[in-house]
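[1] This is a predicted model, with the sequence first.
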Amino acid sequence: MNMVKRPRRLRGNVTLRKMVRETRMDKSSLIYPMFVTEGRGIRHEIPSMPGQYHYSLDMLPAALEEVAEAGVSSIMLFGIPETKDEQGSSAWAEEGIIQKALAAGKKAVPELYYITDVCMCEYTSHGHCGALGGHDVDNDKTLPLLAKTALSHVQAGADMVAPSVMMDGRVAAIRQILDENGHEETPIMSYAVKYASAFYGPFREAADSAPAFGDRKTYQMDYHNVKEGLKEALLDVEEGADLVMVKPALSYLDVIRRVSEQVHVPVAAYSVSGEYAMIKAAAMKGWIDEAAVVCEAAASIYRAGAGVLLSYYAKELAKFMDEGRIG
Ligand code: PBG
């Protein structure tokens, strides 16, 4: 057979396959999302996310140590407050759940990098992501609330803040208040391209943050659109975002690709609760090989152009990367 080009030649053995890998990944790019709650002695498994937990502050240090031991260096904190109100005032309270978690966490496991999710939906009685104006969220009334929440997180020790609420101008508002208070060096990772997605279902149960009425479609993006996502990403970079995120990940690989080609900042992707739940459920049924699917899904996100990955499988992925199974 006269065939000089034989693609199989480079697949001949594992050493060679690893040598010519096009997608490289490293566990230092992983961020593990965690849920903290008031109370004592709580380590509750989230029903729709087996293997993920709510931790009360006394249980948090052990959980953080586990993360560090797994080789994951960064976490994203979500808070479930004791009380909710119309404005979401426990989001910026000095004794708020995130503020206390930062203090406890940084004291117990200082080597981790602490990122906080900045949003109102877990803190408002109506479950929307900001202050209401009629039956919708009032964009401009919400900005100062987000800004003060972000500042209080940083004052409590957050290394980076991640505004997840899709309000126009949020990055600029947060950058301004951080700078005015001497936190010019604290980076902002914006959830820049965040779609109104059914894949957040398990998270909303976990964070008790489902909207009491309506949906989030007036602020989160329509999943038919990608140019709009580029606009969002570019705007956030202009406003001072240091990293931009695309969320969810697996159904939005094309968006990750397009955004990563357009912006000159690191692009993160968030493989969300519904993505985790789908893989976990099929694995629990014995229908798929969990580890193999987790690796393949993660590689696809990096291959699409993400440099940073937020995943509920971060601890497992760190191990798989160490073992050379992926990466
Ligand atoms: C908002 C927020 C949400 C998620 C992260 N931050 C929920 C939403 O926008 O409705 C979803 C994360 C996930 O599904 O894993 N605070």
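    Right, received. Where do you want to start? Numbering: from 1, shown residues only.
[2] Only C-alpha atoms from now on, for both contacts and neighbour counts.
    Will do.
[3] what separates the longest helix seen in the chain from the chain centre, distance-wise?
    Using DSSP state H, we find that the single longest helix of the chain is helix 139-155. Computed by Cα atoms, centre = their mean, to the nearest Å, the separation of helix 139-155 from the middle of its chain amounts to 18 Å.
[4] Report all helices and strands that that helix contacts.
    helix 97-108, strand 113-118, strand 160-163, helix 170-180 (3 or more Cα pairs under 8 Å, 6 or more residues apart in numbering; DSSP states H and E).
[5] orientation of the second one relative to helix 97-108 in degrees?
    Computed with axes from the mean of the first three to the mean of the last three Cα atoms, to 10 degrees, the direction of strand 113-118 lies at 180 degrees from that of helix 97-108.
[6] Just checking: what are the partner strands of strand 113-118?
    strand 74-80 (parallel), strand 160-163 (parallel) (DSSP bridges).
[7] That strand relative to helix 139-155, how many degrees between them?
    Going by the same axes, to 10 degrees, strand 113-118 is angled at 160 degrees with respect to helix 139-155.
[8] near the ligand, which residues of the stretch 201-327 of the chain?
    Residues of the stretch 201-327 of the chain lying near the ligand by Cα under 6 Å from any ligand atom: 203, 272-273.
[9] Looking at those, which are in helices?
    Among these, the residues falling in helices (DSSP H) are 203, 273.
[10] ok, back up a step: possible to save the helices and strands packed on helix 139-155 as JSON lines with mean neighbour count?
    Formatted as JSON lines, these follow (neighbours: other Cα atoms under 10 Å):
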{"stretch": "helix 97-108", "mean neighbour count": "21"}
{"stretch": "strand 113-118", "mean neighbour count": "24"}
{"stretch": "strand 160-163", "mean neighbour count": "23"}
{"stretch": "helix 170-180", "mean neighbour count": "20"}
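[11] For the ligand, which of these is the nearest?
    strand 113-118 (6.4 Å; Cα to the nearest ligand atom).
[12] what's next to that closest one, contact-wise?
    If you take Cα atoms under 8 Å, 6 or more residues apart in numbering as the criterion, strand 113-118 is touched by 73-78, 98, 102, 106, 146, 149-150, 153, 157-165.
[13] Around the closest residue to V272 other than its chain neighbours, count how many other residues there are.
    Once flanking residues are discounted, V272 sits nearest to P248: 5.6 Å by Cα to Cα, 6 or more residues apart in numbering. Number of residues near P248 (other Cα atoms under 10 Å) recorded here: 26.
[14] if I look at A103, how far off is H153?
    In this structure, A103 and H153 are 10 Å apart, going by Cα to Cα, to the nearest Å.
[15] Cross-check the contact I'm expecting between the residue nearest to V272 and S271.
    Yes - shown here, P248 and S271 form a contact pair, counting by Cα atoms under 8 Å, at 5.6 Å.
[16] Would you map the strands across the chain?
    Along the chain, the stretches classed as strands by DSSP state E are 30-37, 43-46, 49-56, 74-80, 113-118, 132-133, 136-137, 160-163, 189-194, 243-247, 267-271, 308-311.
[17] hang on, the earlier thing: could you give the angle of the longest helix of the chain to helix 170-180?
    Taking the same axes, to 10 degrees, one finds that helix 139-155 is oriented at 40 degrees with respect to helix 170-180.
[18] Look up how far P61 lies from S28.
    21 Å.
[19] between the two, who's got more neighbours?
    Just comparing S28 and P61: by other Cα under 10 Å the higher neighbour count belongs to P61, 19 against 13.
[20] How many residues are close by A63?
    Neighbours of A63 (other Cα under 10 Å): 17.
[21] do E66 as well
    When counting by other Cα under 10 Å, one arrives at 13 neighbours for E66.
[22] Same check on E86?
    By the measure other Cα under 10 Å, the count of residues near E86 is 14.
[23] Can you tell me which residues in the stretch 51-200 of the chain are near the ligand?
    Residues of the stretch 51-200 of the chain that fall close to the ligand, judged by Cα under 6 Å from any ligand atom: 119, 121, 164, 200.
[24] Give me the neighbour count for the last one.
    A total of 19 residues lie near Y200 under the criterion other Cα under 10 Å.
[25] what about stretch 182-190, average pLDDT?
    Across stretch 182-190, the average pLDDT comes to 98.
[26] Can you give the distance of it from its chain's centre?
    On Cα atoms, centre = their mean, the centre of stretch 182-190 falls 17 Å from that of its chain.
[27] got the end-to-end distance for that stretch?
    One end of stretch 182-190 sits 20 Å from the other (Cα to Cα).
[28] same thing with stretch 80-92?
    Stretch 80-92 has its terminal residues 13 Å apart, counting by Cα to Cα.
[29] Next: stretch 238-249.
    Distance between the boundary residues of stretch 238-249 (Cα to Cα) amounts to 23 Å.
[30] Now do that stretch, average pLDDT.
    Stretch 238-249 comes out at a mean pLDDT of 98.
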